Each structure stands twice: as structure tokens, then as C-alpha cells.
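Asker: I'll drop the sequence and a predicted model, then ask my questions.
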Amino acid sequence: MSAATPFAVVGVAIVGAFAVAWLEGVVAGRPSPVPVIRGVGRTLSEPMSAPATYDRWLFHMAPTLLLVAALVALSTVPWTPGFRGIDTEAGVILFAGALAYVTPAVFMAGWGAGGGLAVVGGFRFLGLMLAYAMPLAMVLTAVGAPAESLRPAAIVEVQANVPMAIVQPLALALFVPSVMAVAFIPPFDLPQASSELGGGAFSRYSGLEAGLVALSQRILVVAVAGMTAAVFLGGWHGPLLPAAVWMVLKTAAVAGLMLWAGRRLPRVEIDRLLAFAWKVPIPLSILAIGWGGLVTLLFYR
Amino acid sequence: MSDLGVALVVWPSAAILLVTALYVFRTASMARAGLLLLASLGVEGLIFLALASEFLGALQLLMMSGEMVLMVFFMVMFMPDPGGLMGMDMTHDKRRAQAFAVAAGIALALVAVLTDWPAGTLNADAVDVRAIGFEVMGRSMFTFLFAGMTLMFTMIGGTLLAKQGGRYRVGAPSGELRDAGDEGR
Amino acid sequence: MVLSALVRGLSQDLRGDSRQPSGELERAIVVPDAGAWLLWGIDVTELGFAAVPSPTRAEALVGPARVPEALTETIIETWRRMPDGARHVMSLDGPDLEGRPLEELLREADERSDDRGQPEDGHDETEHGHGGAADGGGGAEHDHGSAASAGPPGGELGAPPDVEALVAPARPPAPQEPERRDHDLQRAGDEQQNMMPIEGRPSSDGLVMEPIEVQLGPLGAILPGGLVARFTLDGDVVGDCSLEATLSAHWSGAEREDALWDPLSAVAWRLAASGAREGRAPAASPWAAIVALELERALSHVAWLRSLGSLLGWAELAELAHAAVRPLLAERRAWPVQAVPQGPRRLSANARPPAALIEAKARVERLRTLLEDSRRLAARTRGRGRLSREEVEQNGATGPIARSAGVERDERQADPRYTELGFNVVTRHDGDALARTLLRISEAGEALRLAEDALRRAREDAAAPPLDAEGAASGATVEGSRGPVQATVVGRSTRLQLEAPGRAAALALAARAAVEEEWSAALVALTSFDLSPWKVAG
């Protein structure tokens, strides 16, 4: 990690967030990027109101915490052999740890805002966390096994010949919904559910704070799509094109798939989701860890 | 990180850690208490990271977030006045508690100061993940196994006990209890 | 499975089936709501607006030229909560509701803000657009001549009805301290007993919680505009629910309680009224009446499906339903409400069935295949708001609500014209939200088939089968989209008594269905009843 890394990460964050917002329009049938730019301008030009809140400190801290969590998660993603973000030995754990701070941030937003529906939005995200947290962490362990390391760049390196998606498809199938839930994009958009909660946990924000929340959500999408591409799709490996291009293409493909699939599915219901999550994905994640270990012993040694 | 860098991170973090931990008990709002505790323990994770213990630091950050938020969840579920606005005094047995706290504090301080901690300079490249892995799978396996299961049973058991007034039937108005079988769909 | 649904969806996307009007949509508060405007012939999306629930980030207010008294306070409050910078107004020509003019209301809203010394008052540029009217005041980006179609439902049957209102002013929920409890502190004199009992009734999971009061409506884009729902929440489970339809319109201008009608089923009411006065099948064009009625039914059900899709957060369903609405709107515009029951003036004998109708049929069919055997729909709607057949019969519910619980009652059965068209009552037996959804989409498809057949007969000027003598009694009952509507002539006058049996039952059953459900499940259950916010006797 060099001195330029934080700036590079922030650059990737901003460009990536715009790209995700544009992708959202594309999968909805609006391929022009102009509405995105105008939307940003409009949001930022709104006056930042100080609504009657229940807990002012928590309310105003939440967007910042969300942004920090998103940025740190993004910084653990390795993009090219030369630019690996924060290249720590326990990188995927740091990734999961940063994502873990999304939960208190959303909770603070809901609790701080304080209307009945906003608090419900915040608490629903807590329930969602109970559903996605374990599969997310366990799958990361499963993919770390073949690389014998928790460093994301090492996991990319070990996929030089075969992407992890082919070796551990169960892990991929568990990982993608989990990270969609972290980034609370449809069908997991429980905290902000505009049609059920009227904006829910984020309804009282306007202006810069609302912009921060929207930005952070898109950065989260970039981060999780990037990590999926790195850890399951072989990262920067690929013939002909340079490493950075492959990584960008794969990230865009994953993000596009997530956004597109989200439109096809109704929002999940938290009680049914929790009942399902504790009975199916969590045992399957344990199975995935076992499978990862088996695969390591058979093929990667 | 250089010594100066480490010092710049560790000492202010330690101060923040203590201050936020103190405020946990000064606030009456459950949400703030839980989130202040999260801040305190999260900063502790930063200290680990600064001391080149990457795995433990990242793990600390990861676990504390989920744990503290769940703690807030449970507090809001079970405690009266989780919002802190009723001005309720939730301390009990003040004298005994103070005495115990002071005694425990002194004891821990003595342990921290008087123990001969193993000290050594580690190579900055030392991979702590491997060491921790061997430790967990070897000597500490039982500890972690049972610790995890105990925690889960505690949480579930606590919820069950709180239903319908718990073991002592406190709080549940008589004659209006719904059927035990009439639980959520 | 999910995968096959995704693959099918991908092929749909590549075909460009559900293209939305591209171009930016302004966030707007639509009064009373977007679905109602669809039934009145205007698609607010085509005008460039996207309905949003909360005024704090809305940029425009779209509403009728005259606002019913029920919504006055709410609109003023909503306008004041909208950000000052870029808000503007669009008033649409819809049914001729009586009430205060929209601009006047908003001016009053601004004056009230002035009185309270609001700092930001500079801008106040309100733009008024009338879709399709001669003097556009500028402002509307897409000028579709869509407003003229709905037309005033007065016409030859009397003066335009005036809309009275019962006010349920919506105040935004005050920031609740979510868990403020009353409790007793430690039991007196009991040092050892440290537990503090929490008083109250335990909810169904055994925990005692502090109730939260939430009110939805009359505006808010979650429920139909004008419907007020008051909930008491136990956490996120509904403990108690009460529903109120707050809007009202009086037929022929007289303020009588028995002359309330529902503008959302305008064709059905007009047919009932004309039937009561003149005998069931107007001699002029019996088939045209059926075409108009069935088109309204199809439009009502598909618009409801769109609102269901948006509630479920299921963008694909909302888009497909919207895509099906557009040709239906186009077809509906060819049948202006005041021309019913006379029918449109010219129908050439050998013209092909209109392309819009065919297109609508195809899209509704696509919706039907999306929904039937769809695990995605069943996951959200199965078992929600379940009604048994006995419950339905005891409460006197009618319409699709009753038919989805197995009660085979439909006013169209008694009409020989429908028998000639081969009408079969569609029923389902489960009585839950899934059954109601599937029933409505089946009815919509069936309605379009009936409309096409009736249109063909109307063009051929075929004779209608005669009614039996009792049919021409002093009253007429027509099966509207939400249930039967009934008009009776009072005594020897020309006064009409209007009734829609089953409306009150629908509200009561819906409120009961929402109780003990988790929040989103409760909203699904409520929406599945397709409630109308207009008060009607019965």
C-alpha cells in the first residue's frame, strides 16, 4: 500500500458509484447517463433540513459511518497486480468487518429519525443482518482455503487457471445474495422500502446527507461486486485484455447482474426470510466450508 | 508502521476507548449505550491493527459490530425505557456494586502492571493468521467450541424466558395470556 | 425456479417489451393517486411524473383542478413540507370534482407559511399545465391530449356530482419515542426484588411491547389516495387496524347520504343509473355498454396490479402492468364516459377489432402467465389475509373479494347478453391475497375477451337478447370492478338511490385481515382487497 492508495480508492469509489447509478438506469430501460447527473445535482442542491429527529447525534452520524464503511470495504478489493488496495494479510476479514458497520449505520439512521416507520426500517435491517452475516463470513472462509491465505490478492492469484466459481459454485450461490443484502439493493431493500415504509430508515434525510446515503450504497455495490469478481471470477486474469480491463468488466457484469435480478424479484419479507435463512443457507455454508477444504486437499496441494 | 506512527494511533485510541466506555454508563439511552460501546471496542480493533495484529484487528472490528448491534436489539426488546427519556434510574444495589467495581478495577490494574508479560520484537512480516489458526485448532479448540454454543443458548434461552413473563410470571397479566401455540406465523 | 424466471425476464428485456418512457421523471405527489388518474384516463408517467410517498423530496404536486374538501388540509400540509426550491404544480382535468381550486389552496398554504415566518419564500413559481388544454401555461414537458377523455360524468343524467369531503387531515407522524413505557418502578419496599415488570398485554409472540401509532394516508402512495389507515403496531406487527374511506361524491349535486357514488367505477354507476331509469338494456346500443363496462373492469384490475407490483417492490410486475395499461387507456379514450350508454357514434361494420384492444389482450395474457404458477408472487401473497367462505357470506362481501373465497356470485350471470357472450363466473377457493390477485388477472383477461366479442356484435349491429320482465323493474344492478353497484328509482320521482352492497364489508374484512400480520404482510393483505377510498352506501 502506497501513499497514493487512499486517493485511488476514493477515485474508484466516485467513478464506480456513478457507473452503478447509470447501470441501474440501464437495467430499468433508461440507458442515458444524463438523468443520473441531473439527479445528483438536484439532490445536492436540496437544502439540508434539520428535521425533528429523535436522536440528533445518531441521525447525523449515520451517513458518515455508512460512507466510511463503504470506502473501507472498497479499499480491500484488489483491482490489478499493481493496485491492490489495502493489501493486508487478513484482507477478506477486513472486508467483512467493514461491511459489518453498515448495520449500525442503517440502524442509527432509523433510530435517529424516530418516526414509527423509520425505526421499523432500521430494525428490519438488523433482522436482515442476522440472515446474511453468517453465510457471508463463512463463504469467505471457504474461498480462502484453496489459497491458504485470507489476502484477497492471494485468492486472485490462485485462480490463475480456474476461477473459483467453477470450483466452488455453492459458495458463489450463497455469496451473491448475501452481498446483495449487505448493500440493501432490491430485493433486499428492506430499510428504505419506499413503497412500504415511505422511505423508511432514510426518509428524513435531504440534501447532502441524502446524497451521502445514496453514494454510500452505490460504493457498497461496487465494493461487493469487485470482491465477487476478484474472489470468484478470477479477478484480473484473462487472455488478451489488460488486467484492469478484465477486472472492470467482471465487476460491471456482477453489478449489472445483481441490479437486473433485483428488478425481477419482489422484496423479501423479513420473517419468512429469517426462517428460511437459518434453515437453509447457514447449513449450506457449513457444507461450503467443508467443500472448500475438500477441494483444497484434493486439488490445491 | 514506524514507532511514531504506532504511538500516534495507539495512545489517542486508548484515550478514546476509555472515554467512550465511560460514557456508556453515563447515557440513559440504550441505543447510545450500545453504540458507544461499539465505538470503544472498534477503536480497540484499530489498536490491534496498528500493532500489526491484522487478523485480530479485523476480526475485532467484524465481530464487535454485529455483537453490539444485537445487544442494542435485545436491550430495546427487554428493557423498560430504552429510549432513556423517562429518567429512570436503572442502577440497583448501588453500594455493593460500587464496592465490587472498585475492587475489580484495582485487581485488574494490579494484574496488568505486575504480570511479567512475554515481550519480544516480532518481525513485521510475521503472519499472525497461521499462528492463530493453529492455536484455535489445537490448544483452544474446546474453548471456542463451547464459548460459541454457550452464547447462542444464552441468547435463545433469554428470549424464551422473557416470553409470557418468564419463569416467575412477572409482568404477564393473568388471564390474558395467549395460547403458547399461537406464535408467529 | 428463480433461474427460469430470470431467463424469461432477460428475453423480455432484450425484446424491449416493458420499455418505460425514457427521459427523466420528476418526483411528484399525485393527488389522490396515480391509479385513480389512470381510471380517469390520464397516465401521470406519460406526463413526466413519478409518484413518491414523501413530500420532503418531491418536486411537483399533481392534482385535480378542484380539490375535494377531504384533502384540503393534507394538501396544504404537503405543500408546506415540500422543499421550497424547485416545486411546481400541475393541475389535471379529470372528473369534475367540486371543491376549492388547487391554486387557491396552495396560495393559502404559502400565506400560512408566511404568517409563521418561514425564511425561504422567494421563489413561488407555480406552473399550471392542463394536459391537452388549449392554453398550456407552459410547464408540461409532454403534452398529451389525454385529459379530455374522462370527461365530466354529469352529461345527460344530471348536474355534475359534487364531491363532498370528510376531512381526515393527515399529520405526519410525530417523532415517536419508540419505547417510552409506563411502568412501575421497583416494588415498594422490596429491595431484593430487582425486576421491573412491564405492564401490558403480550403480543402473539409472548412479549409485551409498547404500541406505536402509525397513520397512513390520505396521501402517501402506499395505500389508495384518500384512504386513511390507522395502525397500532407492536414492534413491526400490526396490533390493531382501522380503515376509513374519506372521499365522497354526490350524484346530481344533492347532498344526500343515499346519493354517494364512486368515480373510480364511473361507467358501472352510469349504467346502473340509466338502467334504473330506462330499463336495463338501453335500446340504442346494448353491446356498447358491455364494451365500456368490461374495458373499465380490465383497466381497474390492471392498474391495481401495477400498484401491487410497486408495493411488493417487484419492478418487473409494475412495469409489465404499466405496459398493459397503456393500450387499455388508449382504447378507453375511444369510449368517453358520457357517451355511455349510447355508445360511440360511428362503428363501421367490417372494421377489424382495434389494435389497441388486441395489444392489451396480449399484454394482459403475458401478465397472467407471469403471475400464475409464480413462486415469487406466492411467496409474498399466499396465506395473507385469508378469508373463509363463511366469513365472506356472513359479512356480506361481494365482488372479487367474495369470488376469491368461493362464493359464486356475479351480477353478470343474470344478464342474457353476457350469457350469449359465453360468460362464466371466475372463482377461486383459497380466499387469500394470492387468490384475489389471480382472480383479478383472470377477470381482466376474461373482460377483454368479452369486450372484443361485444365490440364485434356492436359493429354488426346485432340484436341483443331480450330481458325478462323483472329486469326492467325500478332498479338496476351492474357488476362493477369492485363489486355490484345498484341504483334504484325512488318512488315516482327521478331521484336515485345509490348503493354498493359489500363496500362496508370490504373495509371491515380488510382491517381485520391486517391484524396480527407483520407490517409488509399486512400491507399486502390490505392492498389485495382493492379498496376504494370513496364512501358509498352499503
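Answerer: Sure, I can see it.

Asker: Rounded mean pLDDT for whichever helix or strand C:Pro327 is part of, please.
Answerer: Here C:Pro327, judged by DSSP states H and E, is contained in helix C:315-333. The average pLDDT within helix C:315-333 is 90.

Asker: Out of the helices and strands in chain B, which is least certain?
Answerer: helix B:128-137 (a mean of 84; mean pLDDT, DSSP states H and E).

Asker: Convert that helix to CSV, retaining C-alpha atoms only.
Answerer: Presented in CSV, the C-alpha positions along helix B:128-137 are these (Å, rounded to 0.1, in the frame of the first residue of the first chain):
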residue,chain,number,x,y,z
ASP,B,128,-0.5,-14.0,12.6
VAL,B,129,-3.2,-15.7,10.7
ARG,B,130,-1.4,-19.0,10.7
ALA,B,131,-0.4,-18.8,14.3
ILE,B,132,-3.9,-18.1,15.4
GLY,B,133,-5.2,-20.8,13.2
PHE,B,134,-3.0,-23.4,14.7
GLU,B,135,-3.9,-22.1,18.2
VAL,B,136,-7.6,-22.3,17.6
MET,B,137,-7.5,-25.7,16.0
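
Asker: What is the helix holding C:Pro327 packed up against?
Answerer: Helix C:315-333 makes packing contacts with helix A:243-263, helix C:286-311, helix C:355-371 when contacts are defined by 3 or more Cβ pairs under 8 Å, 6 or more residues apart in numbering or on different chains; DSSP states H and E. In this view, the C-beta of every residue, glycine as well, is placed from N, C-alpha and C.

Asker: what does the one helix or strand A:Ala288 maps to contact?
Answerer: Assessed by DSSP H and E, A:Ala288 sits inside helix A:281-299. If you take Cβ atoms under 8 Å, 6 or more residues apart in numbering or on different chains as the criterion, helix A:281-299 is touched by A:131, A:134-135, A:138-139, A:141-146, A:148, A:167-168, A:170-171, A:174, A:177-178.

Asker: I'd like to know the average pLDDT value across that helix.
Answerer: pLDDT averaged over helix A:281-299 gives 94.

Asker: ok, now stretch C:294-308?
Answerer: 94.

Asker: quick one on the thing from earlier: between the helices and strands packed on helix C:315-333, which gets nearest to chain B?
Answerer: Proximity to chain B (Cβ to the nearest Cβ) singles out helix C:286-311 among the helices and strands packed on helix C:315-333, at 19.3 Å.

Asker: Please tell me how far the residue in the stretch 351-500 of chain C that chain A sits nearest to sits from chain B.
Answerer: Here the residue of the stretch 351-500 of chain C nearest chain A is C:Arg380; by Cβ to the nearest Cβ that distance is 5.0 Å. Distance, C:Arg380 to chain B, using Cβ to the nearest Cβ, to the nearest Å: 13 Å.

Asker: Please report the distance of the residue nearest to C:Glu316 when sequence neighbours are not counted from chain B.
Answerer: Spatial nearest neighbour of C:Glu316, excluding adjacent residues (Cβ to Cβ, 6 or more residues apart in numbering or on different chains): A:Arg264 at 4.9 Å. As judged by Cβ to the nearest Cβ, A:Arg264 and chain B stand 26 Å apart.

Asker: What residues does the stretch 51-200 of chain A have near chain C?
Answerer: Contact residues (Cβ under 8 Å from any Cβ of the partner chain) of the stretch 51-200 of chain A with chain C: A:51-54, A:111, A:113-117, A:119-120, A:123-124, A:186-187, A:189, A:193-199.

Asker: and these near chain B, which?
Answerer: Answer for those near chain B (Cβ under 8 Å from any Cβ): A:54, A:111, A:123.

Asker: can you pick the most crowded of the residues you listed?
Answerer: A:Trp111 (31 neighbours; other Cβ atoms under 10 Å in any protein chain shown).

Asker: Secondary structure element for it, which one?
Answerer: Counting by DSSP H and E, A:Trp111 is found in helix A:102-113.

Asker: can you check C:Ala506 too?
Answerer: helix C:503-514.

Asker: Next secondary structure after that helix?
Answerer: Moving toward the C-terminus from helix C:503-514, the next element (DSSP H and E) is helix C:519-527.

Asker: And the contacts of that next one?
Answerer: Taking Cβ under 8 Å, 6+ apart as the rule, helix C:519-527 contacts A:120, A:193, A:196-197, A:267, A:269-271, C:222-223, C:229, C:231, C:233, C:236-238, C:241, C:243, C:307-308, C:311-312, C:380-381, C:384-385, C:433, C:510, C:513-515, C:517.

Asker: mind checking the longest helix of chain B?
Answerer: helix B:54-78 (DSSP state H).

Asker: Is that one positioned near chain C?
Answerer: Yes: residues of helix B:54-78 contacting chain C under Cβ under 8 Å from any Cβ: B:76-77.

Asker: Compute the inter-axis angle for that helix and helix B:128-137.
Answerer: 60 degrees (axes from the mean of the first three to the mean of the last three Cα atoms, to 10 degrees).

Asker: how about the helix holding C:Ala506: buried residues?
Answerer: C:503-507, C:509-514 (16 or more other Cβ atoms under 10 Å in any protein chain shown).

Asker: tally of neighbours for B:Phe73?
Answerer: 19.

Asker: repeat for A:Trp236
Answerer: A:Trp236 has 25 nearby residues by other Cβ under 10 Å.

Asker: Could you check how many residues crowd around the nearest residue to it once chain neighbours are set aside?
Answerer: Spatial nearest neighbour of A:Trp236, chain neighbours left out: A:Ala243 (3.5 Å); criterion: Cβ to Cβ, 6+ apart. A:Ala243 has 17 neighbours, counted by other Cβ under 10 Å.

Asker: wait, A:Ala243 sits on A:Pro81?
Answerer: Yes: contact criterion Cβ atoms under 8 Å: A:Ala243 and A:Pro81 qualify, at 6.1 Å.

Asker: so what's in contact with those two at the same time?
Answerer: With Cβ under 8 Å, 6+ apart as the test, A:Ala243 and A:Pro81 both reach A:Trp236.

Asker: Hey, what's the angle from the host helix or strand of C:Val214 to helix C:519-527? Just curious.
Answerer: According to DSSP H and E, C:Val214 maps onto strand C:211-216. Angle between the axes of strand C:211-216 and helix C:519-527 is 40 degrees (criterion: the same axes, to 10 degrees).

Asker: Buried residues, strand C:211-216. List them.
Answerer: C:211-212, C:214-216.

Asker: Pull up the pairing partners for it, direction included.
Answerer: strand C:227-234 (antiparallel) (DSSP bridges).

Asker: quick check, distance from the partner strand to the centre of its chain.
Answerer: Using Cα atoms, centre = their mean, to the nearest Å, the mean C-alpha position of strand C:227-234 is found 19 Å from that of the whole chain.

Asker: Contacts only, for A:Ala100.
Answerer: So A:Ala100 contacts A:69, A:133, B:61-63, B:65-66 (Cβ under 8 Å, 6+ apart).

Asker: okay if I get those residues as TSV plus pLDDT?
Answerer: TSV is the format used below for these (pLDDT from 0 to 100):
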residue	pLDDT
A:Ala69	96
A:Ala133	92
B:Leu61	91
B:Leu62	90
B:Met63	90
B:Ser65	90
B:Gly66	87
